[in-house]
Each structure stands twice: as structure tokens, then as C-alpha cells.
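Peer 1: Pasting the sequence and the predicted coordinates here, then a few questions.
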Amino acid sequence: MKYKNQVFPANFHPKSQKPDLSLYLQRAQGFFKGIGKYCPYHFLQWPKFYFFTKKIMKIICIGRNYADHAREMSSPLPVEPVFFLKPDSCLLRNNQPFFYPKFTKELHHEVEVVIKICRLGKSIGEKYAPRYYSEVALGIDFTARDIQQQCKEKGLPWEKAKAFDGAAPISSFIPIAELQNLHAADFRLDINDKTVQQGNTAHMIFSFDSIIAYVSQFITLKTGDLIYTGTPSGVGPVNIGDRLKGYLEGRLMFDFYVR
């Protein structure tokens, strides 16, 4: 483009000499408007498209956060939170069926209370942590136990045992205010109407607030991030045809089948 008889690159603003993104934004706007002609949903119209397609940024999972579970896995009690990540492709919502993966023959359930981060934060003080979550859900951390054991024996990471597609079924979220006390909440998992796991959040080694304070030292927490806060004892196998129901303070949170 020309400005006062000088030629500037098309992507630079002639006055500020800084990158000018307006041309690209105009092109993107036209692109998404074009898509909108063929899509029955209004959310593809620019700029709403970005907000609708915004994904869960991170799924953070806490390991060995209940002493009885650590003991049943023959693992030492942690002195600080142990955490790992799952991609958002692990999420399974709306009671959709879980399809048993072909690569494992020993798939285990781990029921967990899940909190959702509601604001951006880094290096959060524990006393300020309650400001960063206001909703809670119940989820499953599915684990291919045979693959996990193989990885442990070789000293390898075990994401493929826990981070596969559909490995994190989750219920709808409810406001924490609807619970009498999130920090002393009963939860359980029933398989085929038989209780296989039950716990209380008061028995967590690391509380919700201490988890947020610790993890945020290393990873910036963003709005929409999920934290699976650990599982109590009773983990065990699931099989094709099983029906899984999760309860939080007596409220049915999820109800789905293994196919």
C-alpha cells in the first residue's frame, strides 16, 4: 500500500509501522459469513464463531489423593500433589456410551469429583483459591491398567493408558452453592446398581484449594480448565454391557453404558 508516496507491506500500518491485522480480520469475517450461508446455526457468524468453538484448555488430574487408594495401589503417600494432563478429546459428555477400546484388556474405573476453573490465574495463593472455582461435577478417570503397568515397568510416561479418547466421562456441572459442603461431600460409583466406589472429599490428602495453589505454580489456570481431584479406593474393572451411575451427595450425576 502507498502512504505519502512511500510503499509499505500490505500487512503493516503506514502510520504506526506495526503489524496491521485488519485485512486478515476482514478476510476471516467474509470467510465465516460464507460458511454461515450453508450452516443452520447462527453461531458460525463472525465473531461469535470463536466463542462457540472455544475448547476446554486443559484437563488436570490429581493422582493418589486418597490414602486408601494409594495403599490399594501399593504406592507411597505423596508429600505434594501428583498431577498429569489429559487432552479435551478424553471428555465424554451427556451420558453418551463409552466404547471399550481394543488396545486394552484391563480397563479400570476411577470416580472423581471435578471442579471447573472460572478465572485466569497463576501462582495463586491458597487463601485466594476459592475465587477460582464455583461449579462441580462428577467424572471418571478411565485407566488401561495393563498398559499403565507396562509403562511403569519400563519407566515410560503412561498417557496412552489414561489420555485416550473418551477416557474422561463427565457429568453436567452444578453450582457449588447447591451442596451443603463441598469439602465434606459424599460421592460414589455404582456399576449395575452395585456400589463399587465411595468416598468423601474430606478424606482428600490435598484439598481443592491446595491443589489449585500447587498446580498454578507450574501451569497457568484458564477459564474452563477442569481438575479431576483424585479417586478413593475400590478401583476395578469395567466390562462391555456395564451401566455406570455416579452420585454426588445422593444426586444422580451421570448414567451411561459401556459398549
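Peer 2: Looks like it arrived, so ask away. No experiment lies behind these values; they were computed from the predicted model shown.
Peer 1: where does residue 153 land in three-state SS?
Peer 2: helix (DSSP: H, G, I helix; E, B strand; the rest coil).
Peer 1: and it, how many residues sit next to it?
Peer 2: By other C-beta atoms under 10 Å, 8 other residues sit near residue 153. Bear in mind the C-beta positions are built from the backbone N, C-alpha and C, glycine included.
Peer 1: Look at it and report its pLDDT.
Peer 2: For residue 153, the model assigns a pLDDT of 93.
Peer 1: how near is it to residue 84?
Peer 2: Plainly put, residue 153 is 18 Å away from residue 84 if you go by C-beta to C-beta, to the nearest Å.
Peer 1: Same question for residue 197.
Peer 2: Distance of residue 197 to residue 84, computed by C-beta to C-beta: 20 Å.
Peer 1: what does residue 70 give?
Peer 2: Remark: distance between residue 70 and residue 84 (C-beta to C-beta) = 15 Å.
Peer 1: who's more crowded, those two?
Peer 2: Using other C-beta under 10 Å, the more surrounded residue of residue 70 and residue 84 is residue 70, with 19 against 16.
Peer 1: low pLDDT regions in this structure?
Peer 2: For the chain, residues meeting the criterion pLDDT under 70 lie at 1-56.
Peer 1: Could I get the full set of helices for it?
Peer 2: 22-38, 48-53, 67-72, 145-154, 159-162, 208-218 (DSSP state H).
Peer 1: Please export the C-alpha coordinates of the fifth one as PDB.
Peer 2: Written as PDB, here are the backbone C-alpha positions of helix 159-162 (Å, rounded to 0.1, in the frame of the first residue of the first chain):
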ATOM      1  CA  GLU A 159      -0.500 -41.000  28.800                       C
ATOM      2  CA  LYS A 160      -1.700 -43.800  26.500                       C
ATOM      3  CA  ALA A 161      -3.100 -45.600  29.500                       C
ATOM      4  CA  LYS A 162      -5.100 -42.600  30.700                       C
END
